[in-house]
Every structure is written in structure tokens, then in C-alpha cells.
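>>> Return a 3D structure for these sequence lines:
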Amino acid sequence: MKKILICFILLFNLVLPSYSADFTGRWAEKISERVVMDIFSKQNDNEYKIFITWREDKLAQKDIYRFDATDIGNGVLKYKNGIHIYRYFDSKNKFKDETDYTDGSGTIKIKGNEIIWQDDKAKNEDTVFIRANKNLIKDSIIKNKSFSIMLPQELKGIYDAKIDKNTITLYHKASKKAGFGGFGFGIRAYKTPADHAMLPGGEKIGELKDKKNNLYDIVLKYPTDVQYDYTKSEKPESYVALYDAGRVVKIKGLNGSTYYKNQGAKGEGMYKDILNKHVKAINEKWDSAKLEKEEMSYMYNVITQSGENALDKIGYTYYDTNGDGIEELLIGEITTDTNKGIIYDIYTMTDRKPAHVISGGTRDRYFVCNDSFICNDYSAGAEERGWLVYILVENSTELFPQVGFKYDAYTNKKNPWFLSYDFFKDEWQNVDEAAFKDRKAVFDRYKRFDFIPLNTVK
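Reported below is the predicted structural model:
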């Protein structure tokens with residue numbers, strides 16, 4: 001039965017109409033409809049998670065394919081990380097996964113009402129899928145009183161669901177039974193941002209509005225510790241599939257509620273007024289005093305005074321600096337030198353409203369470092385330079401200190417390397433150069449953003 005999907009061969013020439021790039025949903029193999037393909041869009045709208053498996057429950061073996069794909073245009077998704085698994089079932093319907101490969105590649109092409117799948121590793125003929133009818137969809141829906149989630153067919157039989165009014169929680173059945181928790185992920189509705197801010201393992205993924213126009217944050221909850229049998233050499237593939245599904249489940253509001261994917265989480269649409277204010281400030285040539293009064297960096301005036309077109313020189317990007325699922329607005333200088341990625345203003349969302357965090361300048365620079373920290377890279381003269389590392393507190397404009405480094409030959413010319421975990425109290429420890437460099441190396445990796453010029457703001 002290995003390579004079992006190879007038998008689905010396109011047996012005749014097919015003239016296909018023009019395609020529609022609506023990939024998401026459940027598809028069924030055209031000839032027999034025994035194999036289903038679940039396509040879920042990820043938070044980034046041009047990326048997808050795809051699951052392919054048999055829809056029957058009581059087969060001795062199932063072939064399972066799973067991969068992430070990127071939309072490359074013209075109705076084509078391309079993937080390079082394809083996983084192929086053989087799932088075997090015994091007489092008691094217990095299963096065991098055997099991984100065939102994890103480096104598969106291929107394409108998904110949509111044409112008209114059909115999808116053509118080509119997997120390079122399997123070297124199979126093109127397999128054609130059509131939209132699945134309703135009886136292939138109903139079993140994957142889990143719901144509470146507020147919303148429902150749609151799960152991949154691959155997960156059927158491997159999870160237990162716990163449901164209450166505002167939460168759906170999925171557990172990996174085998175791991176839970178073995179005494180290892182088995183928590184895969186949960187989706188929960190929170191009335192206010194303060195209800196979930198600072199809770200570990202949570203990422204906002206959208207908002208839900210009920211029939212009374214009450215707004216709720218929809219938060220994806222993940223485990224903060226190991227929830228599978230860690231005494232074994234490998235993480236169970238079925239647990240991986242359940243865990244991965246958390247980021248891509250399709251959510252639908254129920255009983256008069258409406259779910260808005262990415263609302264209140266993605267930067268586009270949240271900071272429009274802030275961007276327009278920056279464009280206005282530059283066009284009207286606000287001086288440094290007015291910029292600082294308006295909680296904006298004086299650097300926009302410096303660049304304008306230099307004779308450069310600041311709308312071309314200053315740009316923006318959206319980036320989730322603290323991993324809570326909500327993107328910040330970062331405004332900085334467009335350059336290709338060592339200042340690439342420098343941030344002059346940071347904005348975040350507090351209680352669903354944009355708020356200013358910090359402004360930087362020439363000797364008081366800010367960068368995102370190590371993906372999830374904010375580094376204040378400052379200079380206090382020829383003999384002192386420092387790097388102060390913070391995290392942005394969720395639902396707040398507070399930068400919480402983590403660790404500080406400074407080269408300070410003013411204080412100690414022979415041994416100018418200092419480390420601090422209490423730099424906000426100005427308490428520093430003298431260390432040797434090797435210890436300084438070793439600890440600081442963790443935070444030396446700056447994000448070098450390709451900022452979008454402010455002249456594109458509409």
C-alpha cells in the first residue's frame with residue numbers, strides 16, 4: 001500500500017477553465033473522493049498549511065502528507081518541506097506513524113474548480129481534486145456557543161476536545177492517556193485585552209463580535225511545557241500535526257457572532273492615522289520641538305534639514321516584537337549601511353488602541369534584536385557605548401528591562417566591559433572581555449528591516 005496515492009492518475013486530457021485563487025477549504029480526489037486535501041490559510045495570507053489523507057477511518061494503513069506552501073502567483077502554491085507518513089492501525093484501532101521523508105517538494109495548482117497536486121518526491125502523476133461535498137466536511141467541526149473551528153481530516157481520531165462557553169481546547173489523545181498532559185492548543189475568546197495580557201503561551205489571532213456588538217479577542221493558546229512522552233526519542237507525528245493545526249484552524253462565529261481573522265492583530269489597518277500623522281509632519285516640516293511634543297522622533301526634522309526627501313528616506317513596517325500575536329508599528333530610516341533596521345518610533349496597541357512606546361535618535365538608537373527583544377543602542381561619548389535590552393510588556397507601552405551591556409572606558413580604562421541585570425538602577429558589574437562578548441552575542445543579531453517608504457502611504 002506504500003505510495004498508495006500514486007494510483008490516482010489523470011486518465012484523460014482535460015480542458016480547464018480560468019482559475020480562481022481561492023485555495024482554502026476541503027478538497028476531494030476527483031475520481032473516487034477517498035482522499036481529501038485540507039488547505040488552511042496561515043496568519044500571513046500568502047502562506048498555507050496543507051494536509052492530505054484518506055477519509056476512511058478503518059484502513060489498515062493511511063498515507064498522510066503535510067506541508068507548508070507559499071503562493072507564488074498565477075494560481076500556484078509551492079512547497080519544499082513536505083512530510084510523508086505511513087500511519088498503521090492495529091486490530092484495536094491504535095495507530096503508529098512511520099515517517100517516509102520530511103523533505104518533499106511540489107506544487108498545488110488551482111484551475112477553475114479543480115486543484116492539481118504534483119509531489120516531486122513521490123514522482124506520481126498529477127492528482128486532481130475537486131471541492132468536497134458537505135458529507136466530507138461535517139465531521140471536522142467542533143463548536144461551542146460562540147464559535148466553531150474546522151480541523152484537518154488527518155486529526156480525526158487522534159484528539160479529545162474540551163468545550164466551554166468561550167473556549168475550545170484540543171488534547172492529543174495518546175499523550176493524555178499516557179499521563180503527559182497532551183495539550184495541543186486551545187482557542188479562547190476574551191472580553192478585554194487585559195484578560196489575556198501577560199498570560200503565557202497566548203497569541204491574539206483575530207476578533208469576534210457578538211450579536212450585541214460586544215467585541216472579544218480570539219487568542220490561540222499553546223502549551224508552555226512538554227505535553228507528549230518526552231522519554232521517547234522523537235515527538236509523535238500525530239502530536240506535531242495537532243500542534244501545527246492550531247495556527248491554521250478555520251474559525252467561524254456562531255449564534256449571531258462574526259469572526260474577523262487578523263483584526264486587531266495585523267498592523268495594516270490599525271495604525272493608519274499614525275502613519276498619516278508622520279506624513280503630515282514631514283510635509284509641513286515640523287521642527288524638533290513640535291515633533292517631540294507630539295511624541296515623534298526629532299530625526300524627521302534632521303533628515304528634512306539635510307536636504308533629503310524624508311518621505312523617501314523614512315519608512316515603516318509591522319512586526320510583533322513580543323510574541324503576543326499583535327504587530328507593532330516600527331518607523332525608521334531606509335538605509336543600506338550599519339544603521340539598516342534602526343527604529344525612530346515604536347507604536348503598539350493598548351486596549352485595542354494605538355499608543356506610542358518610545359522615540360530614538362542619532363546617539364539613542366533602537367533595534368529589534370534576537371527576533372523578540374528591543375535594544376537601545378546608545379553612545380555617551382568616545383569612551384562609552386551601551387546596549388540596553390528590553391521586552392515590550394503586552395497591552396502596554398512599558399519596556400521591561402532584561403539585561404544591559406556597556407563599554408565604559410571612562411569608568412575603567414583597563415577593563416571597560418560591564419554587564420547589568422539591574423541597569424535601571426544603574427547597577428553594573430565589571431566582567432572580562434570574553435564573558436562580555438559571550439553574553440552579549442545572544443543579542444547582537446539585529447533585524448534589518450526593509451522599511452516601506454512613507455511616500456507610499458495613502
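
>>> residue boundaries of the helices in the stretch 351-458 of the chain?
For the stretch 351-458 of the chain, applying DSSP state H, counting those that start in this stretch gives helices covering 433-440.

>>> how does the protein divide into domains?
Recorded structural domains for the chain (assignment: automatic domain parsing) are 4-135, 138-261, 272-456.

>>> Would you reformat those as a markdown table and include mean pLDDT and mean neighbour count?
Just so you know, the C-beta spots here come from the backbone N, C-alpha and C atoms, and that holds for glycine as well. Formatted as a markdown table, these follow (pLDDT from 0 to 100; neighbours: other CB atoms under 10 Å):
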| stretch | mean pLDDT | mean neighbour count |
| --- | --- | --- |
| domain 4-135 | 81 | 16 |
| domain 138-261 | 93 | 18 |
| domain 272-456 | 96 | 17 |
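
>>> okay, how far is it across stretch 318-335, tip to tip?
In terms of CA to CA, to the nearest Å, the two terminal residues of stretch 318-335 are separated by 17 Å.

>>> ok now it, how far from the chain's centre?
For stretch 318-335, the separation from the chain centroid amounts to 13 Å (computed by CA atoms, centre = their mean, to the nearest Å).

>>> got it, and stretch 47-64?
Its chain's average C-alpha position is 25 Å from that of stretch 47-64, according to CA atoms, centre = their mean.

>>> Same check on stretch 414-427?
Put simply, stretch 414-427 sits 35 Å off its chain's centre (CA atoms, centre = their mean).

>>> Quick check: next helix or strand after the longest helix along the chain?
The longest helix of the chain (DSSP state H) is helix 272-283. As assigned by DSSP states H and E, the chain's next helix or strand after helix 272-283 is helix 288-293.

>>> Check which helices and strands that following helix is in contact with.
Applying 3 or more CB pairs under 8 Å, 6 or more residues apart in numbering; DSSP states H and E, one finds that helix 288-293 contacts helix 299-305.

>>> let's see 10 Å
Helix 288-293 makes packing contacts with helix 272-283, helix 299-305 when contacts are defined by 3 or more CB pairs under 10 Å, 6 or more residues apart in numbering; DSSP states H and E.

>>> Just the residues contacting that helix, thanks.
Contact partners of helix 288-293, identified using CB atoms under 10 Å, 6 or more residues apart in numbering, comprise 278, 281-282, 284, 286-287, 296-302, 305, 344-345, 359, 361.

>>> could the helices and strands packed on helix 288-293 be laid out in CSV, adding distance to residue 36?
CSV is the format used below for those (distance: least, CB to CB, whole Å):
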stretch, distance to residue 36
helix 272-283, 40
helix 299-305, 54
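
>>> Out of the ones you listed, which is closest to residue 349?
Closest of the helices and strands packed on helix 288-293 to residue 349 is helix 272-283, at 11.0 Å (criterion: CB to CB).

>>> Centre of the chain to the closest one, how far?
Centre to centre, stretch against its chain (CA atoms, centre = their mean), the figure for helix 272-283 is 28 Å.

>>> and for it, what are the contacting residues?
Outside helix 272-283, the residues that reach it (CB under 10 Å, 6+ apart) are 267, 271, 286-287, 290-291, 294, 296-297, 300-301, 303-304, 309-311, 313-314, 316, 329, 331, 344-345, 347, 354-356, 452, 454-458.

>>> what's near enough to touch residue 76?
For residue 76, the contact set (CB under 10 Å, 6+ apart) comprises 19, 21, 69, 70, 107, 108, 109, 110, 111, 116.

>>> Which ones among those residues map onto strands?
Assignment to strands by DSSP state E places the following of the contacts of residue 76 there: 69, 70, 107, 108, 109, 110, 111, 116.

>>> Need the max-distance pair from these.
For these, the farthest-apart pair by CB to CB is 70 and 111; their separation is 18.4 Å.

>>> would JSON lines of the ones in strands among the contacts of residue 76 with distance to residue 194 be doable?
Listed next are these as JSON lines, based on distance: CB to CB, whole Å:
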{"residue": "69", "distance to residue 194": "37"}
{"residue": "70", "distance to residue 194": "36"}
{"residue": "107", "distance to residue 194": "45"}
{"residue": "108", "distance to residue 194": "41"}
{"residue": "109", "distance to residue 194": "46"}
{"residue": "110", "distance to residue 194": "42"}
{"residue": "111", "distance to residue 194": "48"}
{"residue": "116", "distance to residue 194": "48"}
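
>>> out of these, which one sits closest to residue 403?
Using CB to CB, residue 70 is the member of those that lies nearest residue 403, at 35.9 Å.

>>> my read: that closest one touches residue 48, true?
Yes. Counting by CB atoms under 10 Å, residue 70 touches residue 48, with 7.7 Å between them.

>>> where do the contact lists of the two overlap?
Residues touching both residue 70 and residue 48 (CB under 10 Å, 6+ apart): 42, 77, 79.

>>> which residues touch residue 99?
Going by CB under 10 Å, 6+ apart, residue 99 touches 64, 83, 84, 85, 86, 234, 237.

>>> nearest to residue 248, of these?
Nearest to residue 248 among the contacts of residue 99, counting by CB to CB, is residue 83 at 15.0 Å.
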